[in-house]
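> Fold the following for me, if possible:
(chains A, B, C and D)
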Number of protein chains: 2
Amino acid sequence: MRISAIEEYGLRCLLALAKQGKNNQLSISDIAEMEGLSVPYASKLLAILRRAGLVTAERGRGGGFSIATDPTQINLYDVLTALGGPMIDPKHCSRYAGQKNQCVHTEKCSIHDILGGLAGYVQSFLSKTTLRDLIAADSTGLLVRTGTHIEIAPTALEQELGSQRERTVLE
Amino acid sequence: MRISAIEEYGLRCLLALAKQGKNNQLSISDIAEMEGLSVPYASKLLAILRRAGLVTAERGRGGGFSIATDPTQINLYDVLTALGGPMIDPKHCSRYAGQKNQCVHTEKCSIHDILGGLAGYVQSFLSKTTLRDLIAADSTGLLVRTGTHIEIAPTALEQELGSQRERTVLE
DNA sequence: ATTATAGTTTACATTTGAGTAAACTTTTAG
DNA sequence: CTAAAAGTTTACTCAAATGTAAACTATAAT
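Reported below is the predicted structural model:
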């Protein structure tokens, strides 16, 4: 269960655009440069974001991308789902059916129940965090981090409302 | 962000062994048959589980696999980490460094902070669920499910302590 | 109109993970 | 002691995800 490359890099590109505000554009080459990506790859990511309605594109000279709506209106669940699909897709049972036509666990399946519960749990976490939160965290630096590792403030880890409290502080 | 095939199938094999109890063995071909997997593939998954110390193996005629310890002592976080590695590994920043040697976001990186927070959140969810819970859910059928889709009881979805309440009921 | 800029699309190459195959080692029944 | 049963290991093939290349379309400055 890992974050995919497209989710990771796509989110970064989107965040870069969100920081510019709705009335400022960045070209693909701008974004590629900023994020250390190749132009074709950034192009692919931005196309996905555009089709999902998260960014808007203007063609031609002087064109570029800009964030589609206010960063408070874009939450991480929608972004990651647009980039990487749902955590548990409707085809999960047939996708993991082994050698049989149908999954052997169709009658009673606690695993899928629990994983479905996990997916809901993750969704609830991600839905509460918006791009606005990420921007604020970057500019104020309230969250704990180290050079190479990732460390969230312990309070945020242990409590259900951790991310909400942070948002309250940051806003 | 998806469940990998190895995580999914490996968990199923482990759960099958957990249901047998610590004093009963299943051979690879038993498990492969039960789970609808090929013998070589089941073999691979069980080897991973054995190296992680989650199951024990006895060689030779009459041998087989059995669960290493009581199902109440094995939680889903440990199982999924053994099978698929950590959600965010220590090399995350260098893994997703784009074309540069170092990730361009080493200074301020709200994304990694939030994803790290998510990983902790997921860990907290998965750590609270043990194989015992899965066995109980399968036998009592308290959790909601449909034929092809996954639906956890709404109460469990919305509340932080959902899974704990279920465990209380089941035990 | 022409040209340079900039996003779009499709197809391709590369890498990684999924799943298979086969040879090997260990144990026990006879 | 031998053969069959059963787990172990390594190497390989195939499919999917990652990342690249290139040709295409749209816009605006001149």
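
> secondary structure class for residue A:9?
Of the three states, residue A:9 takes helix according to DSSP: H, G, I helix; E, B strand; the rest coil.

> burial count for the nearest residue to it once chain neighbours are set aside?
Distance criterion CB to CB, 6 or more residues apart in numbering or on different chains; nearest residue to residue A:9, sequence neighbours excluded, is residue A:45 at 5.8 Å. (C-beta placed from N, C-alpha, C; glycine too.) By the other CB atoms under 10 Å in any protein chain shown criterion, the neighbourhood of residue A:45 contains 24 residues.

> in the host helix or strand of residue A:45, what counts as buried?
Assessed by DSSP states H and E, residue A:45 sits inside helix A:39-51. By neighbour count with 16 or more other CB atoms under 10 Å in any protein chain shown, helix A:39-51 contains the buried residues A:41, A:42, A:44, A:45, A:46, A:48, A:49.

> Just the strands from chain A, written as ranges.
A:55-58, A:64-67 (DSSP state E).

> Buried deepest among the ones you listed, which one?
Mean neighbour count (mean count of other CB atoms under 10 Å in any protein chain shown) peaks for strand A:64-67 among the strands of chain A, with a mean of 22.

> Out of the buried residues of helix A:39-51, which is nearest to chain B?
Nearest to chain B among the buried residues of helix A:39-51: residue A:41, at 8.3 Å, using CB to the nearest CB.

> Quick check, the closest one in contact with residue A:32.
Yes: counting by CB atoms under 8 Å, residue A:41 touches residue A:32, with 7.4 Å between them.

> can you pull out the helices in chain A?
Ranges of helices in chain A, per DSSP state H, are A:5-20, A:28-35, A:39-51, A:76-84, A:92-95, A:110-127, A:131-140, A:154-158, A:162-170.

> which stretch in these has the least confidence?
In terms of mean pLDDT, the lowest-scoring of the helices of chain A is helix A:154-158 (a mean of 39).

> what does chain A put close to DNA strand C?
Within chain A, the positions adjacent to DNA strand C are A:25-29, A:40, A:43-44, A:46-47, A:50-51, A:57-65, A:99 by CB under 7 Å from any atom of the strand.

> just the residues you listed that are near DNA strand D?
A:40, A:43, A:44, A:58, A:59, A:60, A:61, A:62, A:63.

> can I get the residues you listed in a markdown table with distance to residue B:111?
Below are these laid out as a markdown table (distance: CB to CB, whole Å):
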| residue | distance to residue B:111 |
| --- | --- |
| A:40 | 22 |
| A:43 | 21 |
| A:44 | 19 |
| A:58 | 26 |
| A:59 | 29 |
| A:60 | 31 |
| A:61 | 32 |
| A:62 | 30 |
| A:63 | 27 |
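
> Which one of those is nearest to residue A:70?
Closest to residue A:70 out of those is residue A:58 (18.8 Å), distances taken as CB to CB.

> Please determine how far the closest one is located from residue A:64.
Distance, residue A:58 to residue A:64, by CB to CB, to the nearest Å: 6 Å.

> Residue A:3 too?
Distance of residue A:3 to residue A:64, computed by CB to CB: 27 Å.

> out of everything not next to it in sequence, what's closest to the residue nearest the centre of chain A?
Nearest to the mean C-alpha position of chain A, by CA atoms, centre = their mean, lies residue A:80 at 3.4 Å. Of all residues not flanking residue A:80 in the chain, residue A:7 sits nearest, at 5.2 Å (CB to CB, 6+ apart).

> Isn't that neighbour up against residue A:84?
Yes: Residue A:7 is in contact with residue A:84 according to CB under 8 Å; the separation is 4.3 Å.

> what residues does stretch A:71-88 touch?
For stretch A:71-88, contacts defined as CB atoms under 8 Å, 6 or more residues apart in numbering or on different chains pick out A:3-4, A:6-7, A:10-11, A:14, A:18, A:45, A:48-49, A:52, A:54, A:67-68, A:112, A:115-116, A:118-119, A:122-123, A:126-132, A:135, B:1-3, B:114, B:150.

> err, stretch A:42-61, not the other one
A:6, A:9-10, A:13-14, A:17, A:25, A:28-29, A:31-32, A:35, A:37, A:63-68, A:74, A:78-79, A:82-83.

> gap between it and the chain center?
Put simply, stretch A:42-61 sits 16 Å off its chain's centre (CA atoms, centre = their mean, to the nearest Å).

> before we move on, what about stretch A:35-54?
The mean C-alpha position of stretch A:35-54 is separated from the chain mean by 13 Å, CA atoms, centre = their mean.

> Give me the distance between the nearest residue to residue A:69 once chain neighbours are set aside and residue A:133.
The shortest distance from residue A:69 to any non-neighbouring residue, by CB to CB, 6+ apart, is to residue A:22 (7.3 Å). Going from residue A:22 to residue A:133 by CB to CB gives 17 Å.
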